[in-house]
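> Please work out how this folds:
(chains A and B)
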Amino acid sequence: MDLFVANINKTVREDALRALFEEFGNVSSVKILTDKYTGESKGYGFVGMSNENHGLDAIKKLSNVEFFGRKLVVNKAKPKTTAY
DNA sequence: CCTGAGCGA
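Sure thing, here's the model as predicted:
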């Protein structure tokens, strides 16, 4: 399942985010939306977890917890909206 | 920047 993680501090990189979620289960993929031009993080990203239960658990455990000074907002991700 | 790509900041 894909997790949607918002309100991430811009100093947080994918590695840090992965490590954070690895604590609750196997992370299959990590994607932080970094602005391509400025190189800055957009402040949110996605974490793919192999196990659904672990994903839901991570949501409960990491939601609204402080990470690098910001309260994390974790939720299930919607299927990618390749807006057309 | 609370829903991911590249094409224009």
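> ok, which stretches of chain A are strands?
Along chain A, counting by DSSP state E, strands occupy A:2-6, A:27-34, A:41-49, A:66-67, A:70-71, A:73-76.
> neighbouring strands for the last one, and are they parallel or not?
Pointing back at strand A:73-76 there. Neighbouring strands of strand A:73-76 in its sheet, by DSSP bridges, are strand A:2-6 (antiparallel).
> Which strand residues bridge residue A:6?
residue A:73.
> quick revisit: would you format the strands of chain A as CSV with mean pLDDT, mean neighbour count and distance to residue A:18 included?
Glycine gets a C-beta too; all of them are placed from N, C-alpha and C. Shown next, in CSV, are the strands of chain A (pLDDT from 0 to 100; neighbours: other C-beta atoms under 10 Å; distance: least, C-beta to C-beta, whole Å):
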stretch, mean pLDDT, mean neighbour count, distance to residue A:18
strand A:2-6, 97, 19, 11
strand A:27-34, 95, 17, 4
strand A:41-49, 95, 19, 7
strand A:66-67, 96, 13, 13
strand A:70-71, 96, 14, 17
strand A:73-76, 97, 16, 14
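> Mind putting those strands into a markdown table with distance to DNA strand B?
Rendered in a markdown table, the data for these read as follows (distance: least, C-beta to the nearest atom of the strand, whole Å):
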| stretch | distance to DNA strand B |
| --- | --- |
| strand A:2-6 | 3 |
| strand A:27-34 | 4 |
| strand A:41-49 | 4 |
| strand A:66-67 | 14 |
| strand A:70-71 | 8 |
| strand A:73-76 | 4 |
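> Is it possible to get a markdown table of those that adds distance to residue A:21?
Compiled in a markdown table, the strands of chain A are given as follows (distance: least, C-beta to C-beta, whole Å):
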| stretch | distance to residue A:21 |
| --- | --- |
| strand A:2-6 | 7 |
| strand A:27-34 | 5 |
| strand A:41-49 | 5 |
| strand A:66-67 | 11 |
| strand A:70-71 | 16 |
| strand A:73-76 | 9 |
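> Which of these sits closest to residue A:56?
strand A:73-76 (8.1 Å; C-beta to C-beta).
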